[in-house]
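**Student:** can't give you the sequence, but here's the structure:
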């Protein structure tokens with residue numbers, strides 16, 4: 001069994017404070033459940049920003065960048081779910097304690113002090129996304145704080161001790177690589193080599209490598225790792241290498257923002273908790289529909305690594321498309337208290 005860990009706890013900080021040689025089987029399972037929650041926590045803010053872009057052309061630069069990162073995060077989520085079930089753990093998603101809360105910090109105490117929120121795409125939200133993905137040693141900036149990559153490195157260091165637990169059971173095998181990059185296939189975790197290769201994909205797609213800001217598993221040549229791609233959008237300049245100093249900097253061509261719906265920051269607990277912006281019945285129905293779709297998607301994903309097996313993946317993907325369409329309807333409704341801005345999806349978990 002996997003211990004259900006409260007999203008708002010500092011469980012990752014606690015795990016990082018335990019010496020590697022002192023980790024138990026349960027602590028490894030708890031770490032993987034927490035990693036699943038981390039991957040899941042990035043999807044609502046990234047998707048909300050993506051769905052606020054009004055031009056539906058997925059080939060346009062900024063839209064393409066965010067969409068590909070979103071698919072990367074989905075792949076990472078699936079890989080970690082496979083790690084957990086292969087060592088006898090249970091993926092827990094449809095529990096109010098594990099579902100992301102916005103605005104709020106990342107689960108487990110990663111990047112302490114960073115408040116993650118839901119809004120449309122802006123320079124500010126892109127800066128938030130780059131902070132989420134920040135490497136331990138970024139090539140263009142000084143490092144600071146605990147990072148997601150450091151947490152994965154601890155898991156990689158500890159996992160070989162428990163390699164004998166890998167069973168290859170309850171695995172989802174889902175191909176995304178042909179469309180979204182060589183590292184994006186969700187593959188079974190049968191051996192420790194499978195696990196370590198998957199962790200390398202997760203780390204390097206998010207952070208790049210020590211020598212390069214490029215994503216080494218791109219869908220198209222020249223894709224940057226998540227941190228640098230989001231930083232380009234935040235700064236409004238392309239990342240380039242200064243040949244004279246051999247250092248990277250955001251000093252290249254302009255990166256213009258696409259046209260977007262002006263989606264305001266979603267308040268904690270949803271729009272009903274925002275004085276003056278309480279939704280009318282029609283808007284409330286749209287918001288509830290989105291929350292139901294989101295909650296059903298979490299249920300289907302949990303079942304894919306549980307009782308129903310991989311057959312639940314297809315319905316979950318279909319629900320993501322339905323959520324996008326509902327969110328885009330929500331994004332057209334102006335806020336009563338400030339019609340310069342619009343509502344955005346709440347991503348609230350509702351019980352069956």
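**Tutor:** Cool, the structure landed. This is a predicted model, so every value here is computed, not measured.

**Student:** what sits against the residue lying closest to residue 289 once chain neighbours are set aside?
**Tutor:** Here the nearest residue to residue 289 in space, its sequence neighbours aside, is residue 326; by C-beta to C-beta, 6 or more residues apart in numbering that works out to 5.5 Å. Placement of C-beta: from N, CA and C, glycine included. Each residue near residue 326 by C-beta atoms under 8 Å, 6 or more residues apart in numbering is listed here: 286, 289, 290, 293, 345.

**Student:** what pLDDT does residue 326 get?
**Tutor:** Per-residue confidence (pLDDT) for residue 326: 98.

**Student:** low-confidence stretches in this protein?
**Tutor:** For the chain, applying pLDDT under 70 flags the ranges 1-4, 136-146, 177-181, 206-212, 215-216, 218-219.

**Student:** now the helices for it?
**Tutor:** When secondary structure is read from DSSP state H, the chain shows helices at 11-16, 25-51, 61-86, 123-132, 148-158, 177-180, 192-207, 226-235, 281-304, 313-330.

**Student:** in JSON lines, list those along with distance to residue 117.
**Tutor:** Putting these into JSON lines (distance: least, C-beta to C-beta, whole Å) gives the following:
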{"stretch": "helix 11-16", "distance to residue 117": "20"}
{"stretch": "helix 25-51", "distance to residue 117": "7"}
{"stretch": "helix 61-86", "distance to residue 117": "16"}
{"stretch": "helix 123-132", "distance to residue 117": "7"}
{"stretch": "helix 148-158", "distance to residue 117": "18"}
{"stretch": "helix 177-180", "distance to residue 117": "26"}
{"stretch": "helix 192-207", "distance to residue 117": "20"}
{"stretch": "helix 226-235", "distance to residue 117": "15"}
{"stretch": "helix 281-304", "distance to residue 117": "17"}
{"stretch": "helix 313-330", "distance to residue 117": "16"}
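
**Student:** nearest to residue 217, of those?
**Tutor:** Evaluated with C-beta to C-beta, these place helix 192-207 nearest to residue 217, the distance being 5.7 Å.

**Student:** just to revisit the earlier point, pick out the most distant pair among the contacts of residue 326.
**Tutor:** Between any two of the contacts of residue 326 (C-beta to C-beta), the greatest distance is 10.8 Å, for 286 and 293.

**Student:** quick one, which of the two is more surrounded?
**Tutor:** Set residue 286 next to residue 293 and count neighbours by other C-beta atoms under 10 Å: residue 293 wins out with 22 against 19.

**Student:** verify the contact between the more buried one and residue 322 for me.
**Tutor:** Yes. The pair residue 293 and residue 322 qualifies as a contact (C-beta atoms under 8 Å) at a distance of 5.2 Å.

**Student:** what's the separation between the residue lying farthest from the centre of the chain and residue 231?
**Tutor:** Here the chain has its C-alpha centre computed as a mean, and the residue farthest from that point, by C-alpha atoms, centre = their mean, is residue 244 with 36.1 Å. Taken as C-beta to C-beta, to the nearest Å, the spacing of residue 244 relative to residue 231 amounts to 22 Å.

**Student:** over to residue 182?
**Tutor:** Note on residue 182: its distance to residue 231, by C-beta to C-beta, is 23 Å.

**Student:** so what's the residue count around the nearest residue to residue 182 once chain neighbours are set aside?
**Tutor:** Ranked by C-beta to C-beta, 6+ apart and with sequence neighbours excluded, the top spatial neighbour of residue 182 is residue 217, at 4.8 Å. A total of 21 residues lie near residue 217 under the criterion other C-beta under 10 Å.

**Student:** roughly how far does residue 217 sit from residue 173?
**Tutor:** Taken as C-beta to C-beta, the spacing of residue 217 relative to residue 173 amounts to 18 Å.

**Student:** and residue 60, its phi and psi?
**Tutor:** Summarising the backbone geometry of residue 60 under the convention degrees, to the nearest 10, its torsions are phi -70, psi 140.

**Student:** you'd agree it is up against residue 258?
**Tutor:** Yes. The criterion here is C-beta under 8 Å, and residue 60 meets it with residue 258 at 6.3 Å.

**Student:** okay, these two: which has more neighbours?
**Tutor:** Looking at residue 60 and residue 258 with other C-beta under 10 Å, you find the greater number of neighbours at residue 258, namely 16 against 13.

**Student:** and the gap between the more buried one and residue 54?
**Tutor:** 7 Å.

**Student:** also residue 5?
**Tutor:** Per C-beta to C-beta, residue 5 is found 38 Å from residue 54.

**Student:** could you do residue 102 as well?
**Tutor:** Using C-beta to C-beta, residue 102 is found at 23 Å from residue 54.

**Student:** likewise residue 35?
**Tutor:** Applying C-beta to C-beta, one obtains 34 Å for the distance of residue 35 from residue 54.

**Student:** more neighbours: the two, which one.
**Tutor:** A side-by-side neighbour count of residue 35 and residue 54, using other C-beta under 10 Å, places residue 35 first with 27 against 14.
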